[in-house]
Structures are given as structure tokens and as C-alpha cells.
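Asks: fold the following.
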Amino acid sequence: MTKSQYLKVITGLFIVSVLLVFIGVLINIPHLDLFESDLIRYDKFALEIDIYRLLLALTTTLVSSFLVLYFGVGFRLILTPVIIYLFLVVTLVYPGITLIDSFVGNTGFISFTGYSLSLIAFSIGVAFASLINNFSPKIEINNYYKRISLNHELNPVLRRTLITFSIVGSIIVITAIMSNNRIAIEAIIDFFRTGGVSESASAVDDARTETYYVDNNMINIFIGYIQRIVLPISSLVLFVDAKLTKNKKNLLFSLAVLSLVLLSILSTGQRLLLGQIFLIILVVLTFFYQVRFKTIFNILLTAVIILVIQTIALGRMVGGTGYLENLIMSLNRVVERIFLTKGVTTYRTFEYFEDNPGLRYGETIVNKFIGLGADSPTLAEKVYFYFFQERGTAGPQSFAEAYINFSMIGMIVFAFIIGFILQLISIQIIRRSVNFFAIVTLAYLSFLFGYGGYSDVASFKTHGAHVVTIFYFITILIVSVINKRHKINK
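Replies: Okay, the predicted model is just below:
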């Protein structure tokens, strides 16, 4: 391994160390005592820092990250499914599992040990897939970027089709979210005017909570897919095309559509969805460009700022007495939501299993995959209702779901298998990438396949992998029909 690679490993370890220490410091900020304990989410989570557990978590993170980065992408900065999966586990799930104040108990020991072993098994699966496919990541990724750089042409008919989709989709989204968006903007303006929580914030939060109790109809589902899939994919293809062809008009248009997507999500109060869109943007950029860390930092910083603004719109900083305290509370809630909530929610799944023993043998995965949630509650709904006696969708990460279905051994085997499969997908993407539209679609699918690092086993389906595929082929079909008609007319 070269000095440069050693430096990257050391830098990665340092970043993870700073991240976990930063979370620990935020947990114990003295000024938070100004607020009542029922307003502090960290108190509800009962977290603490155990130095030995922290060092073991850092070692596990270092070893698994090294194996995945070395065998998966050759230390190149391209967000393939395996990189997304690992990134989501070690940043959004593992910290909550590591910092939970129950390690001395049986459940705490099982959850932390299971996740530590699963991370290692996942990375071994990635390495095994690369070895049996004779995959040389550094060389093949370099060749991948060379192929991309030679392909500067987007089919004119495809370009016009995606512009049409963007315009029509934007009109639909604007019509659907206009009233909610106005309320969210009012809540933000009121905060900056008064420093306190607006009455409009309650309306935004109520609209978000209502989604847990009201079944979505086909119209809402259709609008959601336009917002989360059609507009992001279309605008990102047009953005890359405009950058390469230096078309300022199309560049501004694509940025306007992307901004509309972010603005529409702001009014829904769905902070997770907002983070997903930013991650998708980052994935697409790494599929086309050798992105610098400065660019990644700027995107992540923008995401955090918008998440804080959305938290203000939701009024989640209740209890502060002015700008400073409310801003700190908003940032505090964002950090909690990003780094701790999923880990603690996942930990509750282990507690639920201890109180409700009996392996499910794949039942929860099948129910979610084939869509039985309406008649048969999902695992996430069961766990949430068990602890809070109300409906919610905060469920476990896929390793924990494998545990509740197949025990500890099954959890570790699942981690190996998913690492192996995701690396096979990653290899095929790098070896077979072709045109702009296909690459952006594959980048979006990479995000969905890697999203299991944060969500459940069937998350790629429930978040629309089938819709992405259908959208791609329908668009290709439309373009093909138009091209044939042009040839006939000629």
C-alpha cells in the first residue's frame, strides 16, 4: 500500500473519531440543562460514551472501511452501492448502537457485537466478490472515467423529452404543494422575525404526522414519485448535459428544477427525504466526475443548513428563548436525527425481539417486499407501536431485520451476502456503463440498493427501484418512437 493510501486510511480514522467525539460532546453540552428533560431527545435515548466500546467501534469501522475501499473502489471517490451501504451504516446507524447506555445488558451486548461482526462480514463479502471477478478497482474505475469523458453527446430527442417531463412534473408538484409550502415559509419567516416558534410550524408538523395515519391514495403516490424520482433524474441528466455542452440556459433550467424539488420537500417536513435527495445528487456527481472533497464538503454543508431550516419550519426546537438557543436546539435536533435516531431505533428492535421471542424466518422481509403493509403491519410499525402505543414507521436497519428473522448467525451471513451482491452490482455498473441517461439512472439505483445500509432489507423496492426502472424504459420507448417517426417523415 502506498503512502497516499496510508494517509487516506489515517484521515478516515481521524474523521470517524472526531465524528463520534463530536456526537458525545453534543450529548453533554452544559447549556442544554436550560431546557426541560422531556424536550431533550438525547435524554430519552439515554446515551453515554464508553471508551472501550468506542475504541472497538473505531477499530471495526477502520478494518471494514479499509477492506471495502481497497477491494471495492481502490480508494477512489465513487459512490457505488457498497460504498453507500457502508457509509450509511457507520455514520447513521453504528454510532447510535455504540453509544446506547445498555451495553452491560444482554440486549446491548448482542446488538453491538452483532453489528461489529456484521460490518466485518459485509466487507469480507465485498472483497470476495472482487477477487472471484478479477476486479481491479483502481484500473477499471480509471477506465470508467475515461469512457465517460469521451461520451459528450445526449440524444436531442431525449433532451427534449426530459425537459418536457421536468416542466410537466414541476407544474404538478407546484400545484400539489403550494399551500403547504406557503405555511412552511411563513414558519421560517416568523422565526427569523421573532426568534421563536410560529403557529405555522404546528401546521407543518401536523401535516407530516398525518401521513402516518392516513393511507396514501394513488394520486399522492403518483405525485410522490414525480417529486422523488422523475424530477431528480430528469434534472440531473440535463444538468450534466448542460455542463458538458456549456449550455447556460439548460444549466439554469436544471438547477431551477432541482431547487423546486428541495423546496417542495421542505414543506413536507420529511427531513429524511431531503437528505436522500442530497445524497442522490452526490452519487450522480461521483459517477461523472472525480469529485474533490471540497465539493463534497460544500454539498454536505448545504444539506445541513437546509435541514436546520426545515427543523425550524417543523418547530422542533420548542423550549428556547431566542435566536441563539433555538438555533442551537435546531442543530442539536439535526445531529440527533442524522447520527443517533436510526441506531437507537434499530436497538429497540433487539429489545422488541427479547420481549417477543421467536424467529420470523423471512416473514417481515416478504411482507414488506410484496406490499402487505396495509393488511399486515410491517416490522417497523410493530416495533414503534410496541414502545409508543401509536402508529409510526421508524424501523430497524437491515442487519437488525436479518437478526430478528434468522438470529445472530443469520445476521452475519446476511451481511456477507449483501456485501457480495452489492459489489457484484457495483462491478457491473463500472464495467457496462454507457450513456448519460443510463448512468444517472444507475446512480439512482445505486443509491436505492445501498440504502439498505440505513433502512430495511426491502428498502430498494419500497423506495421505488421498480419505478426508476419503469421510468427509464418508458422514456427510452418514447424517444425510440419519436425517432422512428422522424425517419418515416424524412
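
Asks: let me know the secondary structure of residue 134.
Replies: coil (DSSP: H, G, I helix; E, B strand; the rest coil).

Asks: an error on my part: the question was meant for residue 79.
Replies: coil.

Asks: quick one, what contacts it?
Replies: Each residue near residue 79 by CB atoms under 8 Å, 6 or more residues apart in numbering is listed here: 87, 282, 283, 286, 287, 443, 446, 447, 450. Every residue, glycine included, has its C-beta placed from N, CA and C.

Asks: does the first one sit in a helix or strand, and which one?
Replies: It stands for residue 87. helix 81-88 (DSSP states H and E).

Asks: in the stretch 101-250 of the chain, where is pLDDT below threshold?
Replies: Low-confidence segments of the stretch 101-250 of the chain (pLDDT under 70): 101-105, 151-152, 178-181, 194-217.

Asks: and residue 161, its phi and psi?
Replies: phi -60, psi -40 (degrees, to the nearest 10).

Asks: the strands in this protein, which residues?
Replies: Secondary structure of the chain by DSSP state E: no strands are present.

Asks: next up, the contacts around the residue nearest the centre of it.
Replies: Nearest to the mean C-alpha position of the chain, by CA atoms, centre = their mean, lies residue 276 at 4.3 Å. Neighbouring residues of residue 276 by CB under 8 Å, 6+ apart: 228, 447, 451, 463.

Asks: go on, residue 444?
Replies: Contact partners of residue 444, counting by CB under 8 Å, 6+ apart, are 229, 232, 233, 280, 283, 284, 468.

Asks: neighbours of the third one, how many?
Replies: Looking back up the chat, that one is residue 233. Neighbours of residue 233 under the rule other CB atoms under 10 Å: 24.

Asks: state the distance from it to residue 364.
Replies: 30 Å (CB to CB, to the nearest Å).

Asks: which residues outside the helix holding residue 87 are in contact with it?
Replies: 64-65, 68-69, 72-73, 79, 119, 122-123, 126, 279, 283, 418-419, 422-423, 425-426, 429, 446-447, 449-454.

Asks: switch the cut-off to 6 Å
Replies: 68, 72, 126, 422, 423, 425, 426, 446, 449, 450, 453, 454 (CB atoms under 6 Å, 6 or more residues apart in numbering).

Asks: which of these has the most neighbours?
Replies: Within the contacts of helix 81-88, most neighbours by other CB under 10 Å means residue 126, with 32 neighbours.

Asks: I figured that residue hits residue 68, correct?
Replies: Yes. Counting by CB atoms under 6 Å, residue 68 is a contact partner of residue 126 at 5.0 Å.

Asks: now do the same end-to-end measure for stretch 65-74.
Replies: 11 Å (CA to CA, to the nearest Å).

Asks: when you give positions from now on, start the count at 56
Replies: Sure, I'll start counting at 56 from here, so that last one is stretch 120-129.

Asks: pLDDT of that stretch, averaged?
Replies: Across stretch 120-129, the average pLDDT comes to 92.

Asks: so what touches it?
Replies: Taking CB under 6 Å, 6+ apart as the rule, stretch 120-129 contacts 64, 67, 130, 137, 141, 178, 181, 182, 185, 192, 193.

Asks: of these, which belong to helices?
Replies: Judged by DSSP state H, the subset of the contacts of stretch 120-129 located in helices is 64, 67, 137, 141, 178, 181, 182, 185, 192, 193.

Asks: among those, which two are most distant?
Replies: 67 and 185 (19.1 Å; CB to CB).

Asks: what about the stretch 406-545 of the chain, any weak spots by pLDDT?
Replies: When residues are selected by pLDDT under 70, those of the stretch 406-545 of the chain lie in 426-431, 443-449, 488-489, 541-545.

Asks: change it to 90
Replies: Counting by pLDDT under 90, the stretch 406-545 of the chain has low-confidence residues at 406-451, 484, 486-494, 507-521, 531-545.

Asks: residue 512 versus the closest residue to residue 459 other than its chain neighbours, what's the distance?
Replies: Closest residue to residue 459 apart from its sequence neighbours, by CB to CB, 6 or more residues apart in numbering: residue 408 at 4.9 Å. Distance, residue 408 to residue 512, by CB to CB: 16 Å.

Asks: now for the nearest residue to residue 527 once chain neighbours are set aside, how many residues are close by?
Replies: Leaving aside its sequence neighbours, residue 527 sits nearest to residue 496 (CB to CB, 6+ apart; 4.6 Å). If you count neighbours by other CB under 10 Å, residue 496 ends up with 23.

Asks: does residue 496 touch residue 528 like I think?
Replies: No. In this structure, residue 496 is not within contact of residue 528 by CB under 6 Å, at 9.6 Å.

Asks: which ones are touching residue 366?
Replies: So residue 366 contacts 385, 388, 389 (CB under 6 Å, 6+ apart).

Asks: can you show me the helices along the stretch 406-545 of the chain?
Replies: 418-425, 434-443, 453-487, 491-505, 514-517, 520-544 (DSSP state H, counting those that start in this stretch).

Asks: the stretch 206-355 of the chain now?
Replies: Under DSSP H, counting those that start in this stretch, the stretch 206-355 of the chain gives helices at 211-249, 254-265, 273-280, 286-300, 303-321, 326-343, 348-369.

Asks: what angle sits between the shortest one and helix 211-249?
Replies: So the one you mean is helix 273-280. Here the directions of helix 273-280 and helix 211-249 differ by 100 degrees (axes from the mean of the first three to the mean of the last three CA atoms, to 10 degrees).

Asks: next, the buried residues of helix 273-280.
Replies: Buried residues in helix 273-280, defined by neighbour count with 16 or more other CB atoms under 10 Å: 278, 279, 280.
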